[in-house]
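Visitor: Pasting a predicted model and its sequence here:
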Amino acid sequence: MNWILNFIAKKPNSINVISSIVAIIMGLIFGLILMFIVNPGNALLGFWTILSGPFASTRDMGFMIFYSTPIILTGLSVAFAFRTGLFNIGATGQLTVGAFFGLYVGVHWTFLGPFHWLVAILAAAVGGGIWGGITGALKAYRNVNEVVSSIMLNYVSMYMVNLLILNTIYGGRSEALRPASTARLPVLFLDNIFPRSPINIGIFIALIVAAILHIILNYTTFGYELKSVGLSRDAAKYAGIKEKRSIVMSFLIAGAIAGIAGGVMYLVGDRTFRINEQLLEQGFTGIAIALLGLSSPIGVVFAGIFYGSILRGGDAAQRIFREEIIDIIIAVIIYFSALSLFTKQVISGYVRKKTKKDVDFAQKEGDVG
Amino acid sequence: MKAGVYMDHAVEMLNITKEFPGIKANDQVNLQLKKGEIHALLGENGAGKTTLMSILFGIYKADEGEIKVNGETVTIRNPNDANKLGIGMVHQHFKLVDRFTVLENIILGYEDTKNRVLVYEDAREKVKKLSEQYNLKVDPDAMVSDISVGHQQRVEILKMLYRDAEILILDEPTASLTPQEIDELMDILKKLAKEGKSILFISHKLKEIREIANRCTILRRGAYIDTVDVSKTTNEKLAEMMVGRKVDFSLPKEKAKPKDTVLSVKDFTVHDPVSKKEVVSNISFETKRGEILVIAGIEGNGQSELVYGITGLYGHSSGSLALNDEDITNEDIRSRSLKGISHIPEDRQKHGLVLEFPLEYNLILQSYHQEPFQRRGFLQFDVIRDHAERLIDRFDIRSGSGALSIARSMSGGNQQKAILGREIDRESDLLIAVQPTRGLDVGAIEFIHRELVNHRDNDKSVLIISYDLDEVFNLADRILVMYEGEKVGEFDPKEVSREELGLYMSGSKRSDSA
C-alpha cells in the first residue's frame, strides 16, 4: 500500500487515473454483490462473463467499440460543458435533434455521392449545435438556468423529432426510413480486423473530436476564454471577454458533439430510429461517463470504452442472467463508477494524512463537486 | 502548576503549529487572552492570523500544540464545540443568509420550536434586549440584503452574543467599514469589554489597535514574534515587529509635473443596469500624465459605478469619454483596455482574478490574446511562465507553488500584488485603481503606494478611488470629492484640511464651481 501512497504523493497528477480505477473497482464490486443476491450459484460465472465477454473474440471487440462510440461522444459533450462551467443535462435532446438532421440528409440528399455520409454527420452536428445553442442563449441573455431549460428542451426535442419524422422520413411501423447506403458511415478496413461486427469509422470520429477538445481546452486562447467564463463570469467580463457569446459557444459546441453522437448512432445499416415516447438514454449515460472520466476528454474516451465493454459483457451474460437483471447490474456498475470525484477526495485526504507530505492536489478547472 | 495563575486567562493557545501544502501557516505560536481584555492580533497578510483564529474556532485542527479555555485543556473539533465553550467568531466575510431577516439569521442553528413549529417571540425579546444593552441598533425584522455592511456586522456580533459567547473573535472587522462605522464599532467593542467579554481583534491597522487594544500579539510569516502592552510601545516599533524591518510611513514623492490630458470625462452619467437608477450624475473631469488624481468620498456615492462606466463594465452611460483625445465612448471593454486603460478593480476576487486558475494564467488575464502569449490562437506556455516569474520577482508575489499556485489559495495581499503587477506591467497610459490597498497591511500598502507613484513618474496618468483619508492625502496630487453620484469639489491636497474634506464627503458642503 505504502508505495502507492508515496507514488501519488510524488506525482499528484496520477491521482486522477488512480481514483477513476478505484471507482470502477467499487462499481464492479457492487455489481458482483448484486449478482450474489439475485443468483448466488451463478454469480461468479456471470461476473467473469461480463468482464471477459468483450474480449472473447475480435467480433466481440468490434461490438464493444461500436457500443462505446456514441457514449464517448455524449460523454465528451457533457465533459466539455463541465470544463466551461456548465451542466449539459440536455445531451439527449441535442442527440435526438442531431439524429433527425443526420437522417434527413441521409435519406433525401442522395445526390451527394461519396460525401453523403460526411455531410450527414455535419448536419447532425448542426442540428445538435442549434439545440444546444438555444439553451446557451437562454442562459447568456435571459439568465435561464441551463439545467432547467435543457431538461425541458429534451422533451420538446423528442416530440418535435417524432413529428418531423412522421412528416418527412417516415418508414412505417413507427420507424424512420433507413439512411441511403451512401450515407452510412464507411467501414473501411475495420471489418477485416473485427469481422461480423457492426463497427464503422464512428470510433475515429469520436477520437478526433476528443483530440480536438483536448487541444481547445488545454492549449488555445479560445479554451482559455471559455474556461475563464465558466469559472468566473465577472472576471472574464472584466478582462474584455465577450462572456455571453462564450456561454453560447460552449453550449453550441457541446450540442454539436451530442448531435454527432446522434448521427453516429443512426447513420448505420442495422439500427433504426424508432418513434416512441422515451428520452434516449445515451445522453444521460454521457453524464456518468464524463464524471468517470473526470471531465477530461482523454479520460472520457477510456471511460466510454469501459462502458462499451460492460455492455458487450452484458450481452454475453444473458445466457446466465435475465436481460433486465443484466441492465440493472450494468447500471449499478456505471453509476458507482461515476463516483470517481468522491474517491479522488477520499484518496487525496488519505495520502496527505499518511505521507504527511505537502501534496498540492490542485483542483482541475471545471471539476464539479 | 498553580491553577490560580492561569485562571485569569480566558484563552491560552500554546505552541500551535499548522502546516498547509507549501506553507507553515503557524509555527509554535503562543497567544494568551486575559479575561475582559481587548487583545489585538497583528500581522501582515499571510502571517497566519486567520489560521490561528480558525484553529481556535474549530475550523482547522492544529498539527501540534495545546488550547486551554478558562484554564482547562480542550479539544475543539468544529465550530459547534467552540460555541459550547463560549467562543464566537465574526469572519472577515460575513456568514449571513441574504434572503433571511436579521432575526432569522441570528437564530439560525439555535431555533426555538413549539410542537415542531418555529417560534420567534423569545428570540425577538432576547435580541432586542441585547441590542439595547450594547447599543447595537439592530432591527430584527430587516432583510439582511437591505442593510448596510456596518449593520450586517452588528448582526454578526449579536449572533455571537445570542449564543452567550464570552470570547469574541473578530477577523479584520474594520476592513469594509466607513470611518463613521469604524468609530461606532470601536465604541461597541469597548462596551463589550467593560461588561467582561474577552475580545480577540485581528487587524493590521495600527491606529485602531492603539485606540482599543490593551495588548497585542504579533505574528510574522507564521512565527510568533512577541506580545506587547500597546500603551508601552510605539507605532513604529509595532510596524517593525510586524514587517521585520523599519517601515517608512512617509511616502517619498516628488512634486507632480502634470502634462497633457489622458482621460477626459464630460457630462458623464451612469445608470445602474439592474435598478436603472442614476448613480453617477453629469460628472466632468480630466486626468493628466504625471499626476495622481484621487477621487475621495464615502463608499457608495457612485465611485464604483463611475469606474465601471469608464472601463466599459457598465454599458448604460451617457456623456462622453476620450482617451488621449480619441473618443472611446462607444468602445467595448477590450478595446478600451487595448487603447490604454489598466484597471485594478475594487473587488479583487470577483473581477480581478479567476480564482481557480493558477497564478500564471491570472497574470495574462488582460493580455492572453496578444502575442507573444499566444501564436495563431495557441497559448505559448514558455512565454507565459517567464512572464509570471518576472512579475512574481518584481512585485514580490508570495505563494505556495509559485507560478502554478491556484489564485484562491493565495493571501489577499498577494492576490492584490498579482493584480497590481499585471496592470502596471501593461504600461497603459491610464491606470485606474479602486481601493488598491483595502484590507492590506502596512508593508503591502507601502509597496503598492510606491508602485503607484512610480507609475506616475513614468509619465502615466493614475486615477485612484479611495475611501481612506490617509491614503487620499498620501497619494493625491489633486483630489476630487464625490457625493451622491456628483462631483462636489476639487482640491489641491496642500490647501485643504481633513476636516474640510470630510464636510464635502458627507454632503454638508459643496463648491459651486464643481
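Guide: Received it, and whenever you're ready, just let me know what you need. Numbering: from 1, shown residues only, chains lettered A, B, ... in the order given.

Visitor: where does the chain have low pLDDT?
Guide: No chain specified, so I'll use chain A. Within chain A, the stretches with pLDDT under 70 are A:1-2, A:9, A:12, A:354-369.

Visitor: um, chain B though
Guide: Applying pLDDT under 70 to chain B picks out residues B:1-7, B:22, B:176, B:178, B:248-250, B:316, B:512-514.

Visitor: Spatially central residue in it, please.
Guide: B:Gly439 (2.8 Å; CA atoms, centre = their mean).

Visitor: Hmm, it is touching B:Asp171, no?
Guide: No: the criterion here is CB atoms under 8 Å, and B:Gly439 misses it with B:Asp171 at 10.7 Å. (Each C-beta comes from the backbone N, C-alpha and C, glycine too.)

Visitor: list residues touching both of those two?
Guide: Common contacts of B:Gly439 and B:Asp171 (CB atoms under 8 Å, 6 or more residues apart in numbering or on different chains): B:Gln92.

Visitor: what does the stretch 251-400 of chain B have sitting close to chain A?
Guide: Residues of the stretch 251-400 of chain B lying near chain A by CB under 8 Å from any CB of the partner chain: B:311, B:313, B:332-335, B:337, B:343, B:345, B:347, B:350-358, B:361, B:365-366, B:368-369, B:374, B:377-379, B:400.

Visitor: quick one, what contacts the residue lying closest to the residue nearest to the centre of chain B once chain neighbours are set aside?
Guide: Closest residue in space to B:Gly439, ignoring its immediate chain neighbours: B:Ala175 at 4.4 Å, by CB to CB, 6 or more residues apart in numbering or on different chains. For B:Ala175, the contacting residues are B:Gln92, B:Arg438, B:Gly439, by CB under 8 Å, 6+ apart.

Visitor: what's the answer for B:Leu52, then?
Guide: Counted by CB under 8 Å, 6+ apart, B:Leu52 has contacts B:Met13, B:Ile16, B:Lys18, B:Asn26, B:Val29, B:Leu31, B:Leu41, B:Leu219.

Visitor: one step back: could you export the contacts of B:Ala175 to JSON lines, including columns for distance to A:Leu5 and secondary structure?
Guide: JSON lines is the format used below for the contacts of B:Ala175 (distance: CB to CB, whole Å; DSSP: H, G, I helix; E, B strand; the rest coil):
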{"residue": "B:Gln92", "distance to A:Leu5": "36", "secondary structure": "coil"}
{"residue": "B:Arg438", "distance to A:Leu5": "43", "secondary structure": "coil"}
{"residue": "B:Gly439", "distance to A:Leu5": "39", "secondary structure": "coil"}
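
Visitor: so who does A:Leu339 touch?
Guide: A:Leu339 is in contact with A:Ala23, A:Met26, A:Gly27, A:Leu291, counting by CB under 8 Å, 6+ apart.

Visitor: from the residues of the stretch 251-400 of chain B next to chain A, which would you call buried?
Guide: B:311, B:313, B:333, B:337, B:343, B:345, B:351-358, B:361, B:365-366, B:368-369, B:374, B:379, B:400 (16 or more other CB atoms under 10 Å in any protein chain shown).

Visitor: Where helices are concerned, which of these count?
Guide: Among those, the ones falling in helices (DSSP state H) are B:Thr311, B:Ile333, B:Ser337, B:Tyr361.

Visitor: Find the nearest non-adjacent residue to the residue of chain A found nearest chain B, please.
Guide: Proximity to chain B, evaluated over chain A using CB to the nearest CB, is greatest for A:Gly240 at 3.1 Å. Leaving aside its sequence neighbours, A:Gly240 sits nearest to B:Arg334 (CB to CB, 6+ apart; 3.1 Å).

Visitor: Ok, B:Glu484 next?
Guide: B:Asn301 (5.7 Å).

Visitor: Output the contacting helices and strands for the strand or helix carrying B:Met241.
Guide: Element membership of B:Met241 [criterion: DSSP states H and E] is helix B:235-243. Applying 3 or more CB pairs under 8 Å, 6 or more residues apart in numbering or on different chains; DSSP states H and E, one finds that helix B:235-243 contacts strand B:38-42, helix B:206-212, strand B:215-220, strand B:223-229, helix B:442-457.

Visitor: Strand partners (parallel or antiparallel) of the third one?
Guide: Here strand B:215-220 is paired, per DSSP bridges, with strand B:38-42 (parallel), strand B:223-229 (antiparallel).

Visitor: Look at A:Asp270 and tell me its secondary structure.
Guide: Following DSSP: H, G, I helix; E, B strand; the rest coil, A:Asp270 is assigned to coil.

Visitor: if we can go back for a sec, relative to B:Leu96, which of the contacts of B:Leu52 is nearest.
Guide: The closest of the contacts of B:Leu52 to B:Leu96 turns out to be B:Leu41 (CB to CB; 23.3 Å).

Visitor: Count the neighbours of that closest one for me.
Guide: Neighbourhood size, B:Leu41 [other CB atoms under 10 Å in any protein chain shown]: 29.

Visitor: Same question for A:Glu225.
Guide: Neighbour tally, A:Glu225, other CB under 10 Å: 23.

Visitor: about what we covered before: now, which of the ones in helices among the buried ones among the residues of the stretch 251-400 of chain B next to chain A sits nearest chain A?
Guide: Nearest to chain A, judged by CB to the nearest CB, of these is B:Ile333 at 4.3 Å.

Visitor: so who does the closest one touch?
Guide: Contact analysis of B:Ile333 by CB under 8 Å, 6+ apart lists A:Lys237, A:Tyr238, A:Ala239, A:Gly240, B:Thr311, B:Gly312, B:Leu313.

Visitor: So A:Tyr350 sits against A:Ile4, correct?
Guide: No: applying CB under 8 Å, one finds A:Tyr350 not in contact with A:Ile4, separated by 10.3 Å.

Visitor: Kindly tell me how buried the residue of the stretch 151-300 of chain B found nearest chain A is, as a neighbour count.
Guide: Residue nearest to chain A within the stretch 151-300 of chain B: B:Val274 (11.4 Å; CB to the nearest CB). As a burial measure, B:Val274 scores 6 neighbours (other CB under 10 Å).

Visitor: a helix runs through it, doesn't it?
Guide: No: per three-state DSSP, B:Val274 lies outside any helix segment and is coil.

Visitor: Quick check: it vs B:Ser466, distance?
Guide: Separation of B:Val274 from B:Ser466 (CB to CB, to the nearest Å): 26 Å.

Visitor: what residues are up against B:Ile38?
Guide: B:Leu189, B:Lys190, B:Ala193, B:Ile199, B:Phe201, B:Ile212, B:Ala213, B:Asn214.

Visitor: Weed out the non-buried ones from the residues you listed.
Guide: B:Leu189, B:Ala193, B:Ile199, B:Phe201, B:Ile212, B:Ala213.
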